[in-house]
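In: got a sequence here, can you build the structure:
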Amino acid sequence: MIHRLAAELVLLIHFVFVLLAVLGALGILIAPGWVWVHLPIVIWSAVVNLAGWTCPLTPLENRLRATSGGVAYAGGCVQHYLGPLVYPMGMPRRMERIAGVSILLWNGLLYGGMFWWRHLGTAGA
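Out: Here you go, the predicted model:
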């Protein structure tokens, strides 16, 4: 039972990490120092996708599921849980690369927009 709960906790942490990679830049509106926490998350997310690596949380979750008598899965966490919703025929490697580049571009847009809003947008007022 404890291993199953631990696997669910690892899954939750994994999804929080994904959400932070996508929306975490907004945290600097509250605490500008947050950028030093968020940028490594973005870089890690992009590198994992671009290099085709498996996040270490995925094997940990699988090991905990197997130990609890559950079923482990192949591939990455996001591919396993979200992939079938977005790509019913499977997530091609090309899409992982697009995800890696997209996370960098998206966060660049968020940071650029917030910089403009905070520094340039208020200078004209």
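
In: what's the first helix or strand after the lowest-mean-pLDDT helix or strand in the chain?
Out: Among the helical and strand segments of the chain, the one scoring lowest on mean pLDDT, DSSP states H and E is helix 83-86, with a mean of 56. Note on helix 83-86: by DSSP states H and E, the next helix or strand toward the C-terminus is helix 93-115.

In: buried ones in that following helix?
Out: Within helix 93-115, the residues scored as buried using 16 or more other C-beta atoms under 10 Å are 95-96, 99-100, 103-104, 107, 110-111, 114. In this view, the C-beta of every residue, glycine as well, is placed from N, C-alpha and C.

In: which one is Ala7 nearest to, not counting chain neighbours?
Out: Closest residue to Ala7 apart from its sequence neighbours, by C-beta to C-beta, 6 or more residues apart in numbering: Leu64 at 3.7 Å.

In: that neighbour: what's it in contact with?
Out: 3-4, 6-7, 10 (C-beta atoms under 8 Å, 6 or more residues apart in numbering).

In: kindly recompute the last result at 10 Å.
Out: 2-11, 70, 72 (C-beta atoms under 10 Å, 6 or more residues apart in numbering).

In: buried ones among those?
Out: In the contacts of Leu64, burial by neighbour count holds for 6-7, 10-11, counting by 16+ other C-beta under 10 Å.

In: and the host helix or strand of Trp44, what does it pack against?
Out: For Trp44, the host element (DSSP H and E) is helix 35-51. Using 3 or more C-beta pairs under 10 Å, 6 or more residues apart in numbering; DSSP states H and E, the elements in contact with helix 35-51 are helix 2-23, helix 77-81, helix 93-115.

In: buried ones in it?
Out: 35, 38, 41-42, 45-46, 48-50.
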